[in-house]
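Trainee: From the sequence below, what's the structure:
(one chain, ligands or ions: 1)
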Amino acid sequence: MRKPLVAGNWKLNGTRASIDELVQGLLQGMSQVGETDVAVCPPFVYIDHVRGLLEGSRIDLGSQDVCEEDKGAFTGEVSGPMLRDVGCSYAIVGHSERRSIYGESDELVARKFAAARRNGLTPILCVGETLEEREGGITEEVVARQIDAVLALEGIAAFADAVIAYEPVWAIGTGKTASPEQAQEVHEFIRGRLAGHDEGVAAGIRILYGGSVKGGNAAELFGKPDIDGGLIGGASLVADEFLTICKAAG
Ligand code: 13P
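Mentor: The predicted structure follows:
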């Protein structure tokens, strides 16, 4: 059985004060969350602070990105060893905002995936199609290309300790959630594609859904056989809403 995972991607939001309040709220409600892994991914500058707040709790820490290099002359970057050093367990790689706004290619994302793994961070590899791609009928082609770039660099065995997040770009921050059926269809495709390389790895990997997940639609999404939790943006900034989502997974 795959243990669900719900991860909050805080994106470019928060201050020390607002984060203190948010984490306080999460800690208060965690006892009502069942058998699910929970993680939060703060902006880099707050990770260490949040680590202190989470001490002794069951909420794990993740980063929103990781540099493909481990050290050296890469101004502005944050490396895998640094993220381990400040207590991260997960690193999101290939988020659609990184791909589209900052021009990250499939190959760069694959290198970031590798950097996370070699530093003991579980990569959360984001994949997903734009509205144009969905309407053009190439959703599976796009998702396959994004996954194949990582397979080519790292091989199927690397997916044994990784997480995939299917995030249709048209559903991110738009209020338009993929229907549970639409999401399940792509999740099943992703698992099937990995099964073509290794059935055991495919059966074990957690595939999260992301894109306008809220307290009100989480249970229905998580009820689908290939949806193993969620990667949550906006709703992860509101403690009660995020906790409702966590409860729906557990
Ligand atoms: P929203 O939940 O705000 O749609 O964001 C999803 C997302 O991009 C999580 O990484």
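Trainee: Please verify my assumption that Ala91 contacts Leu121.
Mentor: Yes. If you go by C-beta atoms under 8 Å, Ala91 and Leu121 touch, sitting 4.4 Å apart. For the C-beta atoms, the positions are set from N, CA and C on the backbone; glycine is no exception.
Trainee: Kindly report the residues of the chain close to the ligand.
Mentor: 9, 95, 167, 172-173, 210-213, 231-235 (C-beta under 6 Å from any ligand atom).
Trainee: Can you show me the strands along this structure?
Mentor: 5-9, 37-41, 59-63, 90-93, 122-127, 163-166, 206-210, 229-232 (DSSP state E).
Trainee: Now do the fifth one and strand 37-41, the angle between them.
Mentor: What that stands for is strand 122-127. Strand 122-127 runs at 70 degrees relative to strand 37-41, counting by axes from the mean of the first three to the mean of the last three C-alpha atoms, to 10 degrees.
Trainee: Report the strands that pair with strand 122-127, each with its relative direction.
Mentor: strand 90-93 (parallel), strand 163-166 (parallel) (DSSP bridges).
Trainee: Rounded mean pLDDT for it, please.
Mentor: Across strand 122-127, pLDDT averages out at 98.
Trainee: Tell me which residues touch Gln24, please.
Mentor: Gln24 makes contact with Leu53, Ala239, according to C-beta atoms under 8 Å, 6 or more residues apart in numbering.
Trainee: mind checking how far it is from the ligand?
Mentor: Applying C-beta to the nearest ligand atom, to the nearest Å, the value for Gln24 to the ligand is 22 Å.
Trainee: Val201: which of the strands paired with strand 122-127 is closest?
Mentor: strand 163-166 (11.2 Å; C-beta to C-beta).
Trainee: circling back: now the strands of the chain in JSON lines, please, with extra columns for mean neighbour count.
Mentor: Converted to JSON lines, the strands of the chain look like this (neighbours: other C-beta atoms under 10 Å):
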{"stretch": "strand 5-9", "mean neighbour count": "25"}
{"stretch": "strand 37-41", "mean neighbour count": "25"}
{"stretch": "strand 59-63", "mean neighbour count": "21"}
{"stretch": "strand 90-93", "mean neighbour count": "27"}
{"stretch": "strand 122-127", "mean neighbour count": "26"}
{"stretch": "strand 163-166", "mean neighbour count": "26"}
{"stretch": "strand 206-210", "mean neighbour count": "25"}
{"stretch": "strand 229-232", "mean neighbour count": "29"}
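Trainee: closest to Gln184 out of the ones you listed?
Mentor: strand 206-210 (8.8 Å).
Trainee: Report the backbone C-alpha coordinates of the closest one in PDB.
Mentor: The C-alpha trace of strand 206-210 is given here as PDB (Å, rounded to 0.1, in the frame of the first residue of the first chain):
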ATOM      1  CA  ARG A 206       3.400   8.000  -5.100                       C
ATOM      2  CA  ILE A 207       1.800  10.200  -7.800                       C
ATOM      3  CA  LEU A 208       0.300  13.400  -6.400                       C
ATOM      4  CA  TYR A 209      -2.300  15.600  -8.000                       C
ATOM      5  CA  GLY A 210      -1.800  19.300  -8.000                       C
END
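Trainee: Roughly how far does Pro42 sit from Asp226?
Mentor: The spacing between Pro42 and Asp226, counted by C-beta to C-beta, to the nearest Å, is 29 Å.
Trainee: Which of the two has more residues huddled nearby?
Mentor: The neighbour count for Pro42 versus Asp226, taken as other C-beta atoms under 10 Å, is higher for Pro42 (26 against 18).
Trainee: Let me know the pLDDT of the more buried one.
Mentor: Value listed for Pro42 in the pLDDT field: 98.
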